[in-house]
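In: Task: produce atomic coordinates for the following.
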Amino acid sequence: MNQDNEGLDFSTVIASTVHDMKNTLSALIQAHGQWVASLPEAHRTGDEQGVIEHEFSHLNGMLVQLLGLYKLGVNQLPICPDYHELDDFIEAQLAIHQDVLKHRDILATWRIDIDNPLGFFDRELVGSVISNVLTNAIRFACHALLISIEEEGEQLVISVNDDGPGYPQRMLERQEDYVQGIDPLTGSTGLGLYFAARIAALHELDGVNGRIEISNGGALGGGLFRLYLP
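Out: As a prediction, this is how the structure comes out:
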């Protein structure tokens with residue numbers, strides 16, 4: 001046996017560790033929820049609870065992304081598209097963040113501007129993308145979020161808009177380079193957008209792949225994330 005075969009591949013070690021971390025985090029989230037439920041009503045809310053729950057969601061999202069990127073790298077992330085009710089999909093995503101939205105006093109609304117109530121995509125993969133985008137939008141929103149679904153050409157477009165300061169100009173100017181290194185001001189690595197772009201590209205129809213786009217503006221004037229699915 002040569003030296004190269006004596007140890008595990010480092011990426012496999014990292015993936016295994018991330019998986020264990022995710023299980024540990026899930027247990028911690030469950031224990032925290034039970035502890036909060038045991039508190040008197042007056043102590044169940046507050047800014048501290050909002051911060052804890054938001055960071056739980058943020059950390060879980062990052063671990064999901066890391067596992068997803070590992071599986072993409074080893075071609076073990078299958079895509080299973082199917083038809084899904086769009087209103088049910090949006091409501092499910094908002095339900096995940098309901099407590100954090102309440103603690104941060106953010107009004108989240110949604111609208112569907114297409115006649116067809118169904119969308120064809122991998123619910124789990126697209127859901128992980130939208131959940132991560134919502135976590136980021138909640139971090140920077142002031143008072144409002146808007147999720148909208150519309151059609152552009154023959155593509156389904158899922159948008160997340162907030163009323164915060166918007167994406168930094170550096171990120172907007174490097175739309176195709178989502179892994180941009182750590183931003184010293186925000187701590188962003190761009191991995192979330194890279195993961196979203198890879199998931200979008202897995203959706204393909206007649207030679208057209210999905211894609212993502214970020215900008216500032218929209219109905220709420222802040223960051224605007226758009227996911228295009230063929």
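
In: Would you check that residue 203 makes contact with residue 209?
Out: Yes: with contact defined as Cβ atoms under 8 Å, residue 203 reaches residue 209; the gap is 6.9 Å. Heads up, the C-betas are built off the backbone N, CA and C, glycines and all.

In: The two - which one has more neighbours?
Out: The residue with more neighbours, out of residue 203 and residue 209, is residue 203; 23 against 14, by other Cβ atoms under 10 Å.

In: who touches the nearest residue to that one once chain neighbours are set aside in this structure?
Out: What sits nearest to residue 203 in space, not counting adjacent residues and going by Cβ to Cβ, 6 or more residues apart in numbering, is residue 210, at 3.9 Å. By Cβ atoms under 8 Å, 6 or more residues apart in numbering, the contact set of residue 210 is 155, 199-204, 227-230.

In: can you give me phi and psi for residue 210?
Out: When quoted as degrees, to the nearest 10, the phi and psi of residue 210 stand at phi -70, psi 160.

In: With residue 149 instead?
Out: Here is the backbone geometry of residue 149 (degrees, to the nearest 10): phi -130, psi 130.

In: Pairing-wise in the sheet, spell out the partners of it.
Out: residue 112, residue 158 (DSSP bridges).

In: and it, what is it in contact with?
Out: Taking Cβ under 8 Å, 6+ apart, we find residue 149 in contact with 86, 90, 110-114, 119, 156-159.

In: One more pass at 10 Å, please.
Out: Contacts for residue 149 (Cβ atoms under 10 Å, 6 or more residues apart in numbering) come out as 86-87, 89-90, 110-114, 119, 156-159, 227, 229.

In: Which one of those residues is nearest to residue 174?
Out: Set against residue 174, the nearest of the contacts of residue 149 by Cβ to Cβ is residue 227 (18.5 Å).

In: Check whether the closest one really touches residue 148, as I assumed.
Out: No: counting by Cβ atoms under 10 Å, residue 227 does not reach residue 148; the two are 11.2 Å apart.

In: Could you list the buried residues of the longest helix seen in the chain?
Out: Ranked by residue count and defined by DSSP state H, the top helix of the chain is helix 10-38. Of all the residues in helix 10-38, those buried under the rule 16 or more other Cβ atoms under 10 Å are 15, 18, 21-22, 29.

In: May I ask which helix or strand of the protein has the lowest mean pLDDT?
Out: For the chain, the helix or strand with the lowest mean confidence is helix 47-73, at a mean of 75 (criterion: mean pLDDT, DSSP states H and E).

In: And it, what does it pack against?
Out: helix 10-38, helix 86-96, helix 98-103, helix 123-140, helix 191-202 (3 or more Cβ pairs under 10 Å, 6 or more residues apart in numbering; DSSP states H and E).

In: And the residue nearest the centre of this protein?
Out: Central residue of the chain (Cα atoms, centre = their mean): residue 132, 1.6 Å from the mean position.
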